[in-house]
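Asks: Prediction below, plus the sequence it came from.
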Amino acid sequence: MKLPRGIQVIERGWLSANNIVLRAPSGTTVVDSGYGAHAAQTVALLERALKGKPLAHLVNTHCHSDHMGGNAAIRRKFRCTTSIPAGEAPLIDRWDERELILATADQRAERFAYDGTFGHGDRLGMGEYEWQVLAAPGHDTHAVVFYSPETRVLISGDALWENGFGAVFDQLFGRDSALAETRATLERIAGLDCEIVIPGHGRPFGEVDAALERAFARLKGYEEDITRLARHVVKVLFTFAMLEKRSMPLAEVPAYVERVTILAEVNRAYLKKTPAALAEWLVADLERAGVLGRRQGLLLASGE
Ligand SMILES: [Zn+2]
């Protein structure tokens, strides 16, 4: 996919979100910083992309660990300014491990400082273009997307992928407007004149209407049966953990799904399985999907 001048996407896997490099003579901006465990790799990739030029700004689409986990390392290395969505600021200030989906999901990130915030309706100069900041609640209540009318490019974070969108955790935890917000966010995106989407995960894509259609269909499935979302959230979080750990003794999976707060809570509230039954279903399902394999009593991550 040919991107407009000055826009480079460093496509990462699923553990780290993509890093989007927006170049300008007045100062380069990077959107999203990847997962903490990949911070050294992220810094090296950015050094290569910057070719000795300074990095002026780092911004985040939202503050989940795979999007902001490299913030501290990037800030240390490049001495750039950091800006985050205004709604995330209180969570970052108090480093809310639950709201940021960190320890409660067995995820980690290095705490970081920021210099500024932005919110819906703001305009940010990033690279050569002006970007509208649009609220994109759903996957993360405080998430934003960046839209450039001039280039018709949308930086969508986890609000829209080529195949779906980031899991809507909040709907399962007492914020039962989260699916409705997800729908409103997709409708907002559908209302944009958009040629290219640069998602937080996966390659940049055109055919935005087809992606939206898939996203709406998926959303409808969750609206009709909330346990679909519960199963999806458990699979997503366990897969993410396995991508970081690479392997886990099969015998430990039941204790793991009981120990990790969010997994245990989703199971208790929606799936209502014994830890052993949950573990068995989870492993079988992810093996069938080709995400996990097993060898000699070990569960192994296949991809990434
Ligand atoms: Zn996310």
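Replies: Cool, the structure landed.

Asks: Can you report how many residues neighbour the residue in the stretch 1-150 of the chain that the ion sits nearest to?
Replies: Of the stretch 1-150 of the chain, the residue with the smallest distance to the ion, taken as Cβ to the ion, is residue 64 at 3.5 Å. Where C-beta positions appear, they are placed from N, C-alpha and C, glycine not excepted. Neighbour count for residue 64, taken as other Cβ atoms under 10 Å: 28.

Asks: where does it land on pLDDT?
Replies: On pLDDT, residue 64 comes in at 97.

Asks: Likewise for residue 261?
Replies: Turning to residue 261, the model gives it a pLDDT of 96.

Asks: Please report the distance of the nearest residue to residue 56 once chain neighbours are set aside from residue 219.
Replies: With Cβ to Cβ, 6 or more residues apart in numbering as the measure, residue 27 is the residue that lies nearest to residue 56, at 3.0 Å, once sequence neighbours are left out. Relative to residue 219, residue 27 is positioned 38 Å away (criterion: Cβ to Cβ, to the nearest Å).

Asks: for the residue of the stretch 101-250 of the chain found nearest the ion, what are its contacts?
Replies: Using Cβ to the ion, the closest approach of the stretch 101-250 of the chain to the ion is made by residue 158 at 4.0 Å. Listed by Cβ atoms under 8 Å, 6 or more residues apart in numbering, the contact partners of residue 158 are 17, 61-62, 64, 67, 139-140, 143, 165-166, 199-201.

Asks: hmm, try it at 6 Å
Replies: Contacts for residue 158 (Cβ atoms under 6 Å, 6 or more residues apart in numbering) come out as 139, 166, 200.

Asks: ok, back up a step: and residue 27 and residue 219? Which one has more around it.
Replies: Between residue 27 and residue 219, counted using other Cβ under 10 Å, residue 219 has the larger neighbour count: 21 against 17.

Asks: interface residues of the stretch 1-150 of the chain facing the ion?
Replies: Proximity of the stretch 1-150 of the chain to the ion (Cβ under 5 Å from the ion) is limited to residues residue 64.
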